[in-house]
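**Student:** no sequence for this one, just the structure:
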Ligand code: C2E
Ligand code: MG
Ligand code: MG
Ligand code: MG
């Protein structure tokens, strides 16, 4: 590569960094092709009622079917999509695909369920998220009441007034809003007060400790009663064990999501969990979804 281009970064390259940069570059090229070739797909992880274990909704989780590497997880490629400015385009595809799938399940005769879709900050501030959501609802024919948009805390670092305005515009479409990974950021509590949220999702780092750490158990109990007092719904994320489930059953929490009940599933595998209550057994174990 050319040196002395004035930016001074090449001076600090080590062989290891060069290799990492090349891998990144390769993945960046691949992901452009992925957009062109339609290599993205959605998996759906059930959310289950603590009372009766029926499926109340699913969360759409993006997967990249890489031609060589196989199924790639979003922790690897979502940051890449964000860095390359492709997340708005791919995010629009996710919204439309998720809405179409939700309608397809209903048309197949399944009772309606919620469809949760993750949004990244760039979709909020660089794209026109209100227009994207309106469009996805229109082309799919989905009833907005079943669409839930999951926002993460990083999203709310930007201008609060603008954020609240967009949230209100989204709510005016008839969709609901949830705050993902709740409790992991510094400002969680002030967000609850200021943003027009419908639900919170308790981060799985808390859930991983509730059965063994009295402090974690106390924190989750506090979050749950706070949510109830604010009139917010709640989903516990990352429920993996019977002990975590037993803990939750003693709390005021109505829904959970986690490997104890089901891993994220391909669309064709969701139908079976929509017709039967799941029960705390692992569905989709041994699959290659993560
Ligand atoms: P998230 O929104 O918090 O999604 C939940 C993640 O936790 C998923 O990982 C899910 O597979 C995993 N999970 C669920 N239950 C359990 C459990 O019991 N134990 C453990 N260890 N993990 C569990 P996944 O699918 O790899 O997604 C990671 C993150 O990538 C998501 O976190 C979300 O922030 C992001 N993401 C996924 N799909 C999209 C998308 O379409 N758009 C955007 N912008 N971000 C996405
Ligand atoms: Mg999420
Ligand atoms: Mg989460
Ligand atoms: Mg997350």
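**Tutor:** On my side now, so go ahead. Every value quoted in this text rests on a predicted model; they were computed, and no experiment measured them. Numbering: from 1, shown residues only. Ligands and ions are numbered 1, 2, ... in the order given.

**Student:** for the stretch 51-200 of the chain, what spans make up the strands?
**Tutor:** 55-66, 70-72, 114-118, 147-151, 176-182, 199-202 (DSSP state E, counting those that start in this stretch).

**Student:** could I get the ones you listed in a markdown table, plus columns for mean neighbour count and distance to ligand 2?
**Tutor:** Every residue, glycine included, has its C-beta placed from N, CA and C. Below are those laid out as a markdown table (neighbours: other Cβ atoms under 10 Å; distance: least, Cβ to the ion, whole Å):
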| stretch | mean neighbour count | distance to ligand 2 |
| --- | --- | --- |
| strand 55-66 | 22 | 6 |
| strand 70-72 | 15 | 18 |
| strand 114-118 | 23 | 4 |
| strand 147-151 | 23 | 4 |
| strand 176-182 | 22 | 4 |
| strand 199-202 | 26 | 7 |
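
**Student:** quick one: closest of these to ligand 3.
**Tutor:** Shortest separation from ligand 3 across the strands of the stretch 51-200 of the chain is recorded for strand 176-182, at 4.3 Å, computed as Cβ to the ion.

**Student:** what's the mean pLDDT across the closest one?
**Tutor:** What strand 176-182 shows for mean pLDDT is 94.

**Student:** stretch 99-106 now?
**Tutor:** For stretch 99-106, the per-residue pLDDT averages 98.

**Student:** any part of stretch 76-90 near ligand 1?
**Tutor:** Yes. Stretch 76-90 is in contact with ligand 1 by Cβ under 6 Å from any ligand atom, via residue 78.

**Student:** can you give me the buried ones in that stretch?
**Tutor:** 77, 78, 80, 81, 82, 84, 86, 87, 88, 90 (16 or more other Cβ atoms under 10 Å).

**Student:** and if you look at stretch 265-278?
**Tutor:** Buried-residue list, stretch 265-278, by 16+ other Cβ under 10 Å: 265, 267, 269, 270, 273, 274, 278.

**Student:** which ones among the residues you listed are found in helices?
**Tutor:** 267, 269, 270, 273, 274 (DSSP state H).

**Student:** list just the nearest of the residues you listed to ligand 2.
**Tutor:** Once Cβ to the ion is applied, the member of those that ends up nearest ligand 2 is residue 270, at 16.7 Å.
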